[in-house]
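**Q** please find the sequence and the predicted model below.
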Amino acid sequence: MAIPVALTLFFALSAAVALKAARSLLRERPEYFAVSLPRFGLAVGRRLVKKALGRVGLLPVRAPEVLPELTVAPPDVGAVTPEPASVTEGAAGTEPLPDAEIPIESTAASADLGAVAPELVLVVEPTPDTETGAETVPGFRAQIEALDQLYCTHMNDTADHTAARAVIASRCDVQHQYARHLGFDPSEVLLLNEEWLVNIGHMALLDLWVKMARLGWGQWKHLVLVAPSGRATSGWTSCRRTANEAYLDYWRGPFTAVVTDPDLCEALYPFTHNAGHTINTLVPLPDGSCESIFYAGSKVQEAWERENRAPLLKLTEADAARGRDRLREMGLPDGAWYVCVQARTPGYHEAGAYHQSHRDADIDSYWGAIEEITDRGGWVIRVGDASMEPISPRPQVIDYAVGPHKSDWMDVFLLGSCRFYLGGTSGLSHVPPTFGVPVALVNWISFVLPFYSARDRFIPKLIWSERENRLLTFPEQCGSAVRTASYARPYLDQLGLRVVANTPDEIQDLVGEMFDVLEGRGGHSTEDEHLQSAFDAVAAAEGFGRTMQIGGAFLRTHQALLPGAELLVRRAG
């Protein structure tokens with residue numbers, strides 16, 4: 001009798017240990033199971049996810065009991081204007097969210113998941129096979145993961161933007177089906193996962209989603225950001241899940257809910273990573289078309305400025321007072337104005353340094369511009385990653401990036417209060433505009449300028465063809481064959497192309513133009529206006545929006561790279 005009882009206890013204990021291990025694995029990486037069972041849609045913790053969605057008010061309808069049939073066709077690389085279910089036809093019938101804080105109760109960060117879902121429920125449901133030629137579609141999460149990999153291949157390996165866009169259109173369609181399977185309407189709730197938080201530049205892109213909602217470009221009634229704490233592996237390096245907690249605090253007002261409770265974020269993981277919006281997503285526009293967030297950004301900003309709307313973010317009085325105290329400690333006199341300067345280095349993404357090295361810049365080429373600022377009575381504060389090499393001491397120049405005063409909240413204060421920001425192709429450059437701070441962008445590697453204003457200025461890096469021994473023209477730089485330059489240095493090498501950094505004189509000239517603009521002396525000659533129009537036409541022809549202008553002196557120097565530039569100048573004369 002003792003032996004059967006002992007065996008029973010042994011098997012019961014073993015089952016308990018196995019269940020605990022399974023629960024941990026399922027919560028952390030449920031997609032492993034979807035991939036390992038290709039003929040089944042594995043609804044891992046489906047009831048748990050449903051309860052968690054209900055807890056944050058995101059589950060307005062009852063989830064179906066049977067998994068719906070998949071209706072996804074193979075990506076059509078010719079379909080460059082997809083129309084997912086969440087696209088709105090203009091603003092008709094859609095009330096814009098108010099500019100004031102959205103009056104919807106926020107989710108408490110300390111939500112108790114135990115009260116919501118005390119146990120993990122594993123449900124395995126058969127998924128009908130969908131024939132697509134000789135292939136079968138395995139299930140929602142497995143298919144989404146496969147489309148993600150295919151997108152990365154097209155973007156980073158083959159630089160085929162048309163195919164990449166078609167893949168993302170298919171991914172969005174699968175996401176919508178998966179969301180509706182869980183009983184969630186993606187057209188009413190904007191759900192953003194931690195991809196928008198791992199880099200401060202990604203965090204700044206939240207600006208565009210909120211502006212779209214307030215402009216009435218979406219039907220979203222709730223804007224939800226899932227922001228788990230702790231560390232995660234993203235891109236090339238292990239980093240915090242939220243790059244800057246102080247900056248995240250500023251987004252708590254514009255968003256309906258910012259979910260930070262670790263257990264609740266963990267329970268929502270299968271949903272947010274497979275049905276929420278990722279960085280690689282398409283944004284619905286009022287005309288029924290869809291664009292990448294980076295291409296849609298300029299259109300959003302253009303509409304925002306047309307209605308004379310104010311910036312979304314403003315420094316709190318407490319942060320402003322604390323920041324002024326810290327400036328005194330750093331040596332700035334009361335009332336002094338300053339410009340934040342950054343030259344990107346590989347330190348932040350050290351493991352992928354070569355892959356992104358075409359975005360780097362040499363701080364030594366900035367000294368003429370820095371002297372332009374200090375000669376006018378201003379101070380210069382270098383910002384950026386703490387791994388940068390220190391710069392030599394100079395009057396009215398503070399190397400904050402590697403100094404003892406650096407902190408998350410001080411980063412935000414400086415970027416939100418400087419007279420203007422001078423920097424390059426780095427996510428840090430996206431932050432000042434969210435506070436309405438002007439920017440002067442130098443050594444910019446792409447013509448994609450998401451949300452910069454009409455008073456901002458930029459000059460791009462040029463691209464030299466080793467095979468043809470010449471600079472590429474502006475139309476060639478904007479063309480799809482070279483557009484991947486903002487993503488992958490190896491692709492440039494493969495094409496025999498190298499980037500040409502801006503000269504010290506070009507950077508100093510742009511800083512001088514910024515002062516002219518800010519001090520009301522930003523008029524252009526007839527020649528400059530014709531050159532600007534020609535450049536804008538080139539960018540528009542390739543689908544690039546334009547809310548900011550290219551530097552006038554830079555464009556005059558390189559006007560030969562514009563089509564018909566000589567004829568334009570003769571007409572101006």
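**A** Perfect, thanks for sending it.
**Q** next structured bit after the helix or strand containing residue 258?
**A** Here residue 258 is covered by strand 257-259, with elements defined by DSSP states H and E. Note on strand 257-259: by DSSP H and E, the next helix or strand toward the C-terminus is helix 262-275.
**Q** which other helices and strands does that next one contact?
**A** In terms of contacts (3 or more CB pairs under 8 Å, 6 or more residues apart in numbering; DSSP states H and E), helix 262-275 is packed against helix 2-28, helix 31-36, helix 46-55, helix 113-116, helix 140-152, helix 161-181, strand 189-192, strand 222-226. From N, CA and C alone the C-beta is placed, and that goes for glycine too.
**Q** looking at the ones you listed, which one has the lowest mean pLDDT?
**A** Across the helices and strands packed on helix 262-275, helix 113-116 has the smallest mean pLDDT, namely a mean of 27.
**Q** secondary structure element for residue 458?
**A** Using DSSP H and E, residue 458 falls within strand 457-460.
**Q** one step back: show me what counts as buried in the strand holding residue 258.
**A** For strand 257-259, the neighbour count (16 or more other CB atoms under 10 Å) marks 257-259 as buried.
**Q** partner strands of that strand, with direction?
**A** strand 222-226 (parallel) (DSSP bridges).
**Q** alpha carbons of the strand it pairs with, as PDB, please.
**A** Output of strand 222-226 as PDB, limited to C-alpha atoms (Å, rounded to 0.1, in the frame of the first residue of the first chain):
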ATOM      1  CA  HIS A 222      -7.600  54.200 -26.500                       C
ATOM      2  CA  LEU A 223      -3.900  54.600 -26.900                       C
ATOM      3  CA  VAL A 224      -2.000  51.900 -24.900                       C
ATOM      4  CA  LEU A 225       1.700  51.600 -24.400                       C
ATOM      5  CA  VAL A 226       3.100  48.400 -22.900                       C
END
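**Q** one step back: pLDDT of the strand holding residue 258, averaged?
**A** On average, the pLDDT along strand 257-259 is 88.
**Q** now do stretch 520-530
**A** The average pLDDT within stretch 520-530 is 80.
**Q** how long is it from one end to the other?
**A** In stretch 520-530, first residue to last residue: 21 Å (CA to CA, to the nearest Å).
**Q** then stretch 385-394?
**A** Terminal residues of stretch 385-394 are spaced 20 Å apart (CA to CA).
**Q** residues contacting the closest residue to residue 397 other than its chain neighbours?
**A** Once flanking residues are discounted, residue 397 sits nearest to residue 380: 4.7 Å by CB to CB, 6 or more residues apart in numbering. Taking CB atoms under 8 Å, 6 or more residues apart in numbering, we find residue 380 in contact with 338-339, 341, 370, 373-374, 396-398.
**Q** pull out the buried residues from those residues.
**A** By 16+ other CB under 10 Å, these give 338-339, 341, 370, 373, 396-398 as buried.
**Q** nearest to residue 544, of these?
**A** Distance to residue 544, by CB to CB, is smallest for residue 341 among the buried ones among the contacts of residue 380, at 26.1 Å.
**Q** tell me how far the closest one lies from residue 425.
**A** Note on residue 341: its distance to residue 425, by CB to CB, to the nearest Å, is 15 Å.
**Q** quick one: average pLDDT of the strand holding residue 458?
**A** So the average pLDDT for strand 457-460 ends up being 93.
**Q** neighbouring contacts of that strand?
**A** The contact list for strand 457-460, computed with CB under 8 Å, 6+ apart, reads 439-447, 449, 452, 477, 502, 506-507, 510, 513-514, 517, 548-551, 554.
**Q** and it, which strands flank it?
**A** Assessed with DSSP bridges, strand 457-460 is paired to strand 439-444 (parallel), strand 549-550 (parallel).
**Q** next helix or strand past that strand?
**A** Taking DSSP H and E, what comes next after strand 457-460 is strand 462-465.
**Q** so what does residue 424 look like in phi/psi?
**A** Dihedral pair for residue 424: phi -120, psi -150, per degrees, to the nearest 10.
**Q** that older thread, and the contacts of residue 380, which of them are in strands?
**A** The strands, defined by DSSP state E, take in 338-339, 341, 397-398 from the contacts of residue 380.
**Q** okay, residue 45: pLDDT?
**A** Looking at residue 45, its pLDDT stands at 44.
**Q** residues in contact with residue 515?
**A** 372, 376, 521.
**Q** could I get the full set of helices for the stretch 201-350 of the chain?
**A** Remark: helices assigned in the stretch 201-350 of the chain by DSSP state H, counting those that start in this stretch are 206-215, 245-250, 262-275, 293-306, 317-330.
**Q** helices and strands around the last one, which ones?
**A** What that stands for is helix 317-330. Looks like helix 317-330 contacts helix 408-417 (3+ CB pairs under 8 Å, 6+ apart).
**Q** angle of the helix it packs on against helix 317-330?
**A** Between helix 408-417 and helix 317-330, the angle comes out at 100 degrees (axes from the mean of the first three to the mean of the last three CA atoms, to 10 degrees).
**Q** same question for helix 408-417, mean pLDDT?
**A** 98.
**Q** got a list of contacts for it?
**A** Residues from elsewhere that reach helix 408-417 (CB under 8 Å, 6+ apart): 200, 244-247, 250, 313-315, 319-320, 322-323, 326, 338, 340, 381, 383, 400, 421, 428, 431-432, 434-435, 437.
**Q** moving C-terminal of it, what's the next helix or strand?
**A** Per DSSP H and E, the first helix or strand lying C-terminal to helix 408-417 is strand 421-423.
**Q** adjacent strands (with direction) for that following strand?
**A** strand 338-341 (parallel), strand 439-444 (parallel).
**Q** residues touching the last one, excluding its own?
**A** When contacts are taken as CB under 8 Å, 6+ apart, the neighbours of strand 439-444 outside the stretch itself are 343, 361, 420-425, 429, 432-433, 449, 452, 456-461, 501-502, 506-507, 510-511, 513-514, 548.
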